[in-house]
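Participant: just the structure for this:
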Amino acid sequence: KKREVALTMDKVDQVVKSIDDFIAKYPSVTQFERFKELEEKTGHPKVYFFLGAVFLIASFILGFGGLKLVTDLVGFLYPAYMSFKSMESSPKAVPDDATQWLTYWVIFSSLSVTEGLFTFIVKLIPFYYGLKMGLIIWLYHPKTTGAEVLYNQVVRPKILPHLEAAKKSE
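Facilitator: Coordinates of the predicted model:
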């Protein structure tokens, strides 16, 4: 029994260390210095305060905005950050990943408009927001670049003929 407790505490210590390393790696985002001050004042690890803050923020977002807000944040925060990062990487030239992020925003916007027009879909499909969150992550994940796949196979073939027709009529 004591051995099991010791093994469990070792695992807890490993997790606490990895979270501590994470918050130290991103000090401005994670408010590292403030948590460090709390740790010094109370004697409790800053990781516990960090996890408490994350839990409170997540509870607030989920409680007041529901799964729709969580899904919208997942669909907006990381892609917006990566878009800004892409734009700032080479201000004079078009960065290599700009196409991926422009494509993502076209697809994400299309999904958002479609969802707004057909609100009944949310009630019709079980676990809609979980599925939507998975789709959004698939769209922007660097290994899948689902937005480019969806754009090239679905959106582009539908829109390109209209663009070419408009170009001819000019």
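Participant: how about low-confidence regions in the chain?
Facilitator: Applying pLDDT under 70 to the chain flags the ranges 91, 93.
Participant: following the chain onward from the longest helix along the chain, which element is next?
Facilitator: The helix that spans the most residues within the chain, counting by DSSP state H, is helix 46-89. Next helix or strand after helix 46-89 toward the C-terminus (DSSP states H and E): helix 98-117.
Participant: tell me what the helix or strand just after that following helix is packed against?
Facilitator: Going down the chain from helix 98-117, the next helix or strand is helix 120-124, by DSSP H and E. The contact analysis (3 or more CB pairs under 8 Å, 6 or more residues apart in numbering; DSSP states H and E) places helix 120-124 against helix 128-140. C-beta: built from backbone N, CA, C; applies to glycine.
Participant: now the angle between helix 46-89 and the helix it packs on, please.
Facilitator: With axes from the mean of the first three to the mean of the last three CA atoms, to 10 degrees defining the directions, helix 128-140 sits at 50 degrees from helix 46-89.
Participant: for the residue nearest to the spatial centre of the chain, what are its contacts?
Facilitator: With distances taken as CA atoms, centre = their mean, the residue of the chain nearest its centroid is V74 (3.6 Å). By CB atoms under 8 Å, 6 or more residues apart in numbering, the residues touching V74 are M133, I136, I137.
Participant: export those as TSV, with columns for distance to T30 and neighbour count.
Facilitator: Listed next are those as TSV, based on distance: CB to CB, whole Å; neighbours: other CB atoms under 10 Å:
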residue	distance to T30	neighbour count
M133	23	18
I136	24	23
I137	22	14
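Participant: between those, which sits nearest I19?
Facilitator: The closest of the contacts of V74 to I19 turns out to be I137 (CB to CB; 21.9 Å).
Participant: what's the closest of the contacts of V74 to K143?
Facilitator: Of all these, K143 sits closest to I137, with 10.7 Å by CB to CB.
Participant: name all residues that make contact with that closest one.
Facilitator: Residues in contact with I137, defined by CB under 8 Å, 6+ apart, are V74.
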